[in-house]
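J.: Predicted coordinates and the sequence they were generated for:
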Amino acid sequence: MASDHSLMILGLALFLDYWIGDPQNWLHPVQIIGWNIQQLTRFFFQHLKNPLLLKLSGVLLAFLIIFGSAGFSWMMIQGVQYLLAKLSLPTLLETSGNISFASVLLASCFAGKSLRQAAEAILQGLTQDNLVQVRQQLSRYVGRDTDNLSVSEILRAILETVTENATDGVLAPLFYAMVGLALPGIGSVPLAFAYKAASTLDSMVGYREAPYTDIGWFSARLEDVLTWVPCRLVVLTIGLLSGKPGKVWRVCQRDAIYDPSPNAGWSECAYAVALGIQLGGMNTYQGVVKSKPLLGNPARSITPEVIAQALQLTRYSIFLWVAMVTLSRWL
C-alpha cells in the first residue's frame, strides 16, 4: 500500500470502529485467532506432559500465533491488491478498494465501540433497577463474581473494565498501528494484528493456574512487555488531558506499583486520578475474596457520569495520538 494512504487507512479504521464496531454474526479475526490457539493448545496438551516441554511449547505457540496472524493479514492485503490490479479497474476504484479492505482489517483490531456499548448497556440496566439482569450482563465482561454486587460495586467494576481495556483494547493496538506507519512494506495492519494476537493469547492461556501454568507463561509475559510502552504513554496522555500530569504520574508511582499486573494498575490509576475517584478494593473470584490495591483518591463517588467521562478521555486520547502522528508525518 502506498505510504501516502497509510494515514487515511488509520483514520478510516478508527471511524469504522467508532460508528460501526464489530458487526454481529460476522466472522471476526479474533475468533480465527482464538480457534487456532485452541487447536494448537489442545495438540500440545495431548502430546506433551513434561512441564519443561510445555514451557517450550508455550514459546512456540506464541510465535506461531503472533507471526502467523501478522503474516496472514499482510498476505490478505497483498492478495486483494493483486486481484484488484488484475481487474484493470480505474485507478480511483482500485485505490479505494485497497484502502477500504485494509481499513476494515485494521478496524477489527480496535474494541472501542464494543467497550462503549458494553458499558452503556449495563448502565441502561441500572436505570431500570433490574439488578439481576445487570449482574448477569456484567459477568460476561469481568472475571469477578457478580451475583451479589451492589450498585456501587457494579459501577466500580464497569469503570475498572473501561479503564483497563482502554489500553489493551484500543490504545495499545493503535500504538502498534502507528509504529507500522514507519515500516515501509509492512504497514499498520500486520503490527496491530500481531499485538491483537498477543493480547488474545494472554486472555486465553496466560493464566497462573493449572492447566495453563506452563504453556501460558510466555504469552502472559510477552503481552506484559508489549503493553508496557503504550500503557505508559496512556498514563502521560491522560495526565496531559486532565491538566495535572505531575499528579497523575506521582499517584501512579505510589499506587499502581502494587497491582499484580505491570500495566493494568497503571492504566486504571491514571484514569482514577484524572477523574478524582478511587478504584480497587475487595473482589470475589469463584468464591475466594481477594484484595486489589487501592488506586487514586476517593474525592468523589463513581457515577454513570464519571464512566462517560472515562470513555470521553479515551476518545480524546485517540484524537491526540492521531493528531501527533499526522503532524509528525507532515514535518
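T.: Nice, thanks for sending it over.

J.: and M282, that's in a strand?
T.: Yes - M282 sits within a strand when classified using DSSP: H, G, I helix; E, B strand; the rest coil.

J.: ok, and the closest non-adjacent residue to it?
T.: S291 (5.6 Å; Cβ to Cβ, 6 or more residues apart in numbering). Where C-beta positions appear, they are placed from N, C-alpha and C, glycine not excepted.

J.: Specify the local secondary structure of the one you found.
T.: Strictly by three-state DSSP, S291 counts as strand.

J.: That one touches P260, doesn't it?
T.: No - S291 is not in contact with P260 according to Cβ atoms under 8 Å; the separation is 11.1 Å.

J.: all helices of the stretch 51-200 of the chain, in order?
T.: 51-86, 91-107, 112-127, 131-138, 151-165, 172-181, 188-205 (DSSP state H, counting those that start in this stretch).

J.: what comes into contact with stretch 293-302?
T.: 152, 155-156, 159, 251, 255-256, 258-259, 265, 268-269, 272-273, 275-281, 306 (Cβ atoms under 8 Å, 6 or more residues apart in numbering).

J.: repeat that with 7 Å
T.: Contacting residues not belonging to stretch 293-302 are listed as 152, 155-156, 159, 251, 255-256, 258-259, 265, 268-269, 272-273, 276-281 [Cβ atoms under 7 Å, 6 or more residues apart in numbering].

J.: Buried ones among these?
T.: 155-156, 159, 251, 255-256, 259, 265, 268-269, 272-273, 277-280 (16 or more other Cβ atoms under 10 Å).

J.: Which ones among those map onto strands?
T.: L279, G280 (DSSP state E).

J.: between the buried ones among the contacts of stretch 293-302, which is closest to L10?
T.: E268 (26.5 Å; Cβ to Cβ).

J.: Not counting its neighbours along the chain, what's nearest the closest one?
T.: T163 (4.6 Å).

J.: Report how many residues lie close to that neighbour.
T.: Neighbour count of T163, defined by other Cβ atoms under 10 Å: 27.

J.: And for S203?
T.: 16.

J.: residue ranges with poor pLDDT in this protein?
T.: Applying pLDDT under 70 to the chain flags the ranges 1-4.

J.: quick one: the closest residue to S108 other than its chain neighbours and G97, what's the gap?
T.: Leaving out its chain neighbours, the residue that sits closest to S108 by Cβ to Cβ, 6+ apart is P29, at 4.9 Å. Distance of P29 to G97, computed by Cβ to Cβ, to the nearest Å: 19 Å.

J.: how about the residue of the chain most remote from its centre, what does it touch?
T.: Computed with Cα atoms, centre = their mean, the residue of the chain farthest from its C-alpha average is S88, at 38.6 Å. Counting by Cβ under 7 Å, 6+ apart, S88 touches no other residue.

J.: how close does it get to E94?
T.: Taken as Cβ to Cβ, the span from S88 to E94 is 9 Å.

J.: And L279, by the same measure?
T.: Distance, L279 to E94, by Cβ to Cβ: 49 Å.

J.: Please apply the same query to R315.
T.: 33 Å.

J.: Would you list the phi and psi of P245?
T.: phi -60, psi -40 (degrees, to the nearest 10).

J.: tell me the centre residue of the chain?
T.: The chain, centroid-nearest residue using Cα atoms, centre = their mean: G169 at 1.4 Å.

J.: dump the residue contacts of that residue.
T.: Applying Cβ under 7 Å, 6+ apart to G169 gives the contacts A111, L115.

J.: Repeat the analysis, applying 10 Å as the threshold.
T.: C109, F110, A111, G112, S114, L115, T161, V162, K196, S199, T314 (Cβ atoms under 10 Å, 6 or more residues apart in numbering).

J.: these two touch, right, the third one and N165?
T.: Just to be clear, that refers to A111. Yes - counting by Cβ atoms under 10 Å, A111 does reach N165; the two are 6.7 Å apart.
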